[in-house]
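# Got a sequence here, can you build the structure:
(chains A and B)
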Protein chains: 2
Amino acid sequence: MIAGVLLDLSGVVYVGDKLLPGAKEALRRLHDAAIPVRFVTNTTRSTRQAIIERLSRMGQSVDPDALFTAPVAAHAYIESHGLSPHLLIHPCLESEFADLPDNEPDAVLVGDAGEGFNYQNLNTAFRHLMNGARLLSMGDNRYFQETEGLSLDIGPFVAALEYATGTKATVLGKPAAEFFCAALAGLGCRADEAVMVGDDAVADVDGALTAGLQGVLVKTGKYRPGDEDMIQSAGAQVVDDIGAAVDWILANRG
Amino acid sequence: MIAGVLLDLSGVVYVGDKLLPGAKEALRRLHDAAIPVRFVTNTTRSTRQAIIERLSRMGQSVDPDALFTAPVAAHAYIESHGLSPHLLIHPCLESEFADLPDNEPDAVLVGDAGEGFNYQNLNTAFRHLMNGARLLSMGDNRYFQETEGLSLDIGPFVAALEYATGTKATVLGKPAAEFFCAALAGLGCRADEAVMVGDDAVADVDGALTAGLQGVLVKTGKYRPGDEDMIQSAGAQVVDDIGAAVDWILANRG
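Numbers count the residues shown, from 1 in each chain, chains lettered A, B, ... in the order given. Below you'll find the model as predicted:
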């Protein structure tokens, strides 16, 4: 019985600069049904404020309190562990970490640096890791949908640093169970009363199912036929789009 | 009983622009003992000719026929399979592949592109792979020793593309058994009569042992204490440097 909803943004609500067909109406139906929603994203090329402004320009208003991001989770983790991170992140995101110490780095925090994933920056991060710094990653997504095609996301570059150093990253965004739990905290429902809706079979759907939530895969955004075969956990729903996901949620509401 | 020797170059014979201490004398002792040698390298930032000229400037002459490289092995593989490769390689190496077709790529050939490993180039390769091209890699080395520190080699970037696409690369340099076999072809000895000497515990030593050769790990170049623990196969020798490796070879010659 569904009492709360986590929604991925890119590929579910919008692609590029445009809301997906039916997204605005689907969100309105959840609102009208008084089902609490949190937007959860591993997007690390924009600050929370920029994401909200972008949605607003597309015609979708979102309450800042309803947006939970991997950078928010990463900042909380770094503070609570007293770490001094070297940042391999997108320039747009630097303001969210400007208050943290960065002398003598004992961690490397990786975001989707985009064009910042060049040889020199990756090599600098690699050398910090070989000197004993911990590898922290704001997600492990393989790729995302851009208007002109699929593009490499954070995961491949984290995999590169893992391979080079023989270590495993601590993932602080989806699909980490801790991320889903933290996102649920504001919803006032248990994990098994919540559903995660996303276009990433592994990071969104399998991650949510592993964390004890229900999971709905939409066939928009980066979805490719057969992606559902990558979901290891049982119980995933597969639907066409966010409209169909909301149909399922309203039919299974608590 | 050793009757032929495969020698890695960077980290064994030289680092940066300098021969390692004792390297020149060690090579002279092998020559005087009439033990045939092939230099085998995954280096893909230089043509064979440039490698020979570089060694010459350091004061070490090498017969071109004694140098077997991953690009030579890759070129032969691509030709024999009739492939049309998209190249993600160092500009210095382009001349070695200029004769191959590149229209409608059905393969992506990755070398150590160095600064060419930028977001745009990796994304272009990724999109070819997602369109069905095969992933070919001239090695899977994790890092190499530069004068100022360790630097990322080809392997991490291949790992990134493998992770992004969910595929596995065909490795055409070390540690592929086919590479060691091809390098041995000119030596006139069986695999079990040959030894590979390298500073890479996995690509050089474990690869050679898996291919049926003997393997000697030197503690120069990229070697770090504990690297020998990464050798899965039995029988590896671990010695200080190329001079000690030649001591072992001469003591075990056929």
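# Show me the helices in chain A, by range?
A:23-32, A:48-57, A:70-80, A:119-130, A:154-165, A:177-184, A:207-210, A:242-251 (DSSP state H).
# Point out the most buried one among these.
helix A:154-165 (a mean of 25; mean count of other Cβ atoms under 10 Å in any protein chain shown). All C-beta atoms are positioned from the backbone trio N, CA, C, and that covers glycine.
# so what's the most centrally placed residue in chain A up against?
Nearest to the geometric centre of chain A sits residue A:42, at 2.4 Å (Cα atoms, centre = their mean). Residue A:42 makes contact with A:69, A:70, A:112, A:138, A:139, A:141, A:153, A:154, A:173, A:174, A:203, according to Cβ atoms under 8 Å, 6 or more residues apart in numbering or on different chains.
# Need the worst-confidence member of the residues you listed.
Within the contacts of residue A:42, the minimum per-residue pLDDT falls on residue A:141 (90).
# Now for that one, how many residues are close by?
28 (other Cβ atoms under 10 Å in any protein chain shown).
# That one reaches residue A:154, doesn't it?
Yes. Using Cβ atoms under 8 Å, residue A:141 is in contact with residue A:154, at 5.9 Å.
# what's the overlap in contacts for these two?
A:42, A:112.
# on that earlier part again, okay, the contacts of residue A:42 in CSV with distance to residue A:30 next?
Shown next, in CSV, are the contacts of residue A:42 (distance: Cβ to Cβ, whole Å):
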residue, distance to residue A:30
A:69, 20
A:70, 23
A:112, 27
A:138, 26
A:139, 25
A:141, 24
A:153, 27
A:154, 28
A:173, 23
A:174, 20
A:203, 22
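# just the residues of the stretch 1-150 of chain A that are near chain B, which are they?
A:114-120, A:122-123, A:126-127, A:130, A:142-143, A:149-150 (Cβ under 8 Å from any Cβ of the partner chain).
# and these, which two are the farthest apart?
A:130 and A:149 (34.3 Å; Cβ to Cβ).
# quick revisit: right, so of the helices of chain A, which gets closest to residue B:233?
Per Cβ to Cβ, nearest to residue B:233 of the helices of chain A: helix A:154-165, 20.4 Å.
# So what's the residue count around residue A:62?
19.
# Disregarding residues adjacent in the polypeptide, which is nearest to it?
residue A:55 (5.1 Å; Cβ to Cβ, 6 or more residues apart in numbering or on different chains).
# Wait, the one you found touches residue A:10, no?
No. With contact defined as Cβ under 8 Å, residue A:55 does not count as touching residue A:10 (10.8 Å).
# which residues do those two both contact?
By Cβ under 8 Å, 6+ apart, no residue touches both residue A:55 and residue A:10.
# follow-up on the earlier one: return the subset of the contacts of residue A:42 lying in strands.
Counting by DSSP state E, the part of the contacts of residue A:42 found in strands is residue A:69.
# Drop anything exposed from the contacts of residue A:42.
Neighbour counting over those (16 or more other Cβ atoms under 10 Å in any protein chain shown) leaves A:69, A:70, A:112, A:138, A:139, A:141, A:153, A:154, A:173, A:174, A:203 as the buried ones.
# contacting residues around the lowest-mean-pLDDT helix or strand in chain A?
Across the helices and strands of chain A, the lowest-confidence element by mean pLDDT, DSSP states H and E is strand A:143-146, at a mean of 86. For strand A:143-146, contacts defined as Cβ under 8 Å, 6+ apart pick out A:10-11, A:15-16, A:150-153, A:155-156, A:199, A:221-222, B:126, B:164.
# hang on, the earlier thing: max pairwise distance over the contacts of residue A:42: which two?
The widest separation within the contacts of residue A:42 (Cβ to Cβ) is 14.6 Å, between A:69 and A:153.
# How far off centre is stretch A:90-110?
19 Å (Cα atoms, centre = their mean, to the nearest Å).
# buried ones in that stretch?
A:90, A:93, A:96, A:97, A:100, A:105, A:106, A:107, A:108, A:109, A:110.
# Sounds good, over and out.
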